[in-house]
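A.B. asks: fold the following, please.
(one chain, ligands or ions: 2)
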Amino acid sequence: MLSSTRTPSEKRRAFRAGLASGTTQRFPGAFTPLSTRLVQEKGFEGVYLSGAVMANELGLPDVGLTTLTEVALRATQVASATDLPVLVDADTGFGEPMNVARTVQALEDAGVAGLHVEDQVNPKRCGHLDGKEVVDEATAVRRVRAAVGARRDPDLVVMARTDVRGVSGLAAATDRARALVDAGADAVFPEAMASLEEFAAMRAAVDVPLLANMTEFGRSDLFTVQQLQDVGVDMVIFPVSMLRVAMGAVERALDELAATGTLAGQVPTMQTRARLYELVDYAGYAAFDEGVVSFDLRDNRTS
Ligand SMILES: C[C@](O)(C(=O)O)[C@H](CC(=O)O)C(=O)O
Ligand SMILES: [Mg+2]
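C.D. replies: Ligands and ions are numbered 1, 2, ... in the order given. Modelled structure (predicted):
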């Protein structure tokens, strides 16, 4: 009963151990606290909480519209729905370095295991779209220093994302990554890498854990976990994938309902009531409640 049985610091230590394990850590994106339960049950190492998903779920584009308060609330909900470490997308940190510091503390309080802060200009864009801009190295370094300096739990993973690859090419991206690691970043998320060779080059450039973003319809081909492991990538996210899968199914079902007036044909594709109840552990709560009730009844009888 209750979804999380591990403390935030236990999850952070597990995240760090996973990153150091030599096995590529798989973090599918959960688009709700409920879907987080499935990610855990299927045996993945962690959960990614995507900025794009948080914005899109509100019916908004991913262009820096969501606020720290919204992101921290969602992070709290997702982190408390699972024993897995959660990595949350903190975009540009929601402002100047002082805002970045506040963001880190708010997300730390939310119970996440790690967060990433990127070097895009505010307002940010999806990393796989054209027209994004990056800040200069000094500004990017200040952001990372502010993030690292603000954390109170030394096990919280502060990851630096660089969007330089899509703006100025691979050599500039590896230079930027080195500067961000020197500024104290625990790990690097090089965005919009074009090939496995580029991941290998980034691997050679920095000696901290490396993240690969396997977002669909983006700039990178969809490499397998094994391919990424073979070039030394330590973790991989599938940030928006489960939202895309779910929304594809929702759209097909709505089309069928509109066309036929019934969802009967969709029932075999639906998660059953029993499976849903299993995921949220109705049985555990019922047992707990029964205990309280029978205790009260016994108590009443003896008084
Ligand atoms: C990883 C990402 O930052 C996200 O918010 O999930 C996005 C994903 C996407 O839009 O496909 C990104 O900028 O890559
Ligand atoms: Mg994002």
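A.B. asks: quick one: contacts for the residue positioned nearest the centre of the chain?
C.D. replies: Centroid-nearest residue in the chain: Tyr48, 2.0 Å away (criterion: C-alpha atoms, centre = their mean). Tyr48 makes contact with Phe27, Pro28, Gly29, Ala30, Val86, Leu87, Val88, Asp89, Ile237, Phe238, Pro239, according to C-beta atoms under 8 Å, 6 or more residues apart in numbering. For every residue, glycine as well, the C-beta is placed using N, CA and C.
A.B. asks: out of those, list just those in strands.
C.D. replies: Phe27, Pro28, Val86, Leu87, Val88, Asp89, Ile237, Phe238 (DSSP state E).
A.B. asks: can you put these in JSON lines and add neighbour count and distance to ligand 2?
C.D. replies: Putting the ones in strands among the contacts of Tyr48 into JSON lines (neighbours: other C-beta atoms under 10 Å; distance: C-beta to the ion, whole Å) gives the following:
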{"residue": "Phe27", "neighbour count": "26", "distance to ligand 2": "14"}
{"residue": "Pro28", "neighbour count": "22", "distance to ligand 2": "15"}
{"residue": "Val86", "neighbour count": "30", "distance to ligand 2": "15"}
{"residue": "Leu87", "neighbour count": "28", "distance to ligand 2": "11"}
{"residue": "Val88", "neighbour count": "26", "distance to ligand 2": "10"}
{"residue": "Asp89", "neighbour count": "26", "distance to ligand 2": "4"}
{"residue": "Ile237", "neighbour count": "25", "distance to ligand 2": "10"}
{"residue": "Phe238", "neighbour count": "22", "distance to ligand 2": "13"}
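A.B. asks: quick check, nearest of these to ligand 1?
C.D. replies: Distance to ligand 1 across the ones in strands among the contacts of Tyr48 (C-beta to the nearest ligand atom) is lowest for Asp89, with 4.7 Å.
A.B. asks: between which two of the ones in strands among the contacts of Tyr48 is the distance greatest?
C.D. replies: Val88 and Phe238 (15.1 Å; C-beta to C-beta).
A.B. asks: neighbours of the residue of the chain found nearest ligand 2, how many?
C.D. replies: Using C-beta to the ion, Gly51 is the residue of the chain that sits closest to ligand 2, at 3.3 Å. Other residues lying near Gly51 total 24 when counted by other C-beta atoms under 10 Å.
A.B. asks: ok, it - contacts?
C.D. replies: Asp62, Thr66, Val71, Asp89, Ala90, Asp91.
A.B. asks: cool, and Asp89?
C.D. replies: Asp89 touches Tyr48, Leu49, Ser50, Gly51, Ala52, Met54, Val71, Leu115, His116, Pro239, counting by C-beta under 8 Å, 6+ apart.
A.B. asks: that one and Val206, how far apart?
C.D. replies: Noted for Asp89: a distance of 20 Å to Val206, by C-beta to C-beta, to the nearest Å.
A.B. asks: for Arg145, what are its contacts?
C.D. replies: So Arg145 contacts Pro97, Ala183, Gly184 (C-beta under 8 Å, 6+ apart).
A.B. asks: looking at those, which are in helices?
C.D. replies: Pro97 (DSSP state H).
A.B. asks: how about low-confidence regions in this structure?
C.D. replies: Applying pLDDT under 70 to the chain picks out residues 291-303.
A.B. asks: all strands of it, in order?
C.D. replies: 25-28, 47-49, 86-89, 114-118, 157-162, 187-190, 211-213, 235-238.
A.B. asks: hmm, the first one touching ligand 1?
C.D. replies: No: remark: strand 25-28 sits outside contact range of ligand 1, by C-beta under 6 Å from any ligand atom, the gap being at least 10.8 Å.
A.B. asks: so how far is that strand from its chain's centroid?
C.D. replies: Taking C-alpha atoms, centre = their mean, to the nearest Å, one finds strand 25-28 lying 9 Å from the centre of the chain it belongs to.
A.B. asks: quick one: contacts of that strand?
C.D. replies: In contact with strand 25-28 (C-beta under 8 Å, 6+ apart) are residues 15, 18-19, 39, 44-48, 87, 225, 234-238, 241-242.
A.B. asks: partner strands of it, with direction?
C.D. replies: strand 235-238 (parallel) (DSSP bridges).
A.B. asks: what about Val134, distance to Arg143?
C.D. replies: 11 Å.
A.B. asks: with Pro28 instead?
C.D. replies: Distance of Pro28 to Arg143, given as C-beta to C-beta: 27 Å.
A.B. asks: for burial, what's the neighbour tally of Glu251?
C.D. replies: By the criterion of other C-beta under 10 Å, Glu251 has 10 neighbours.
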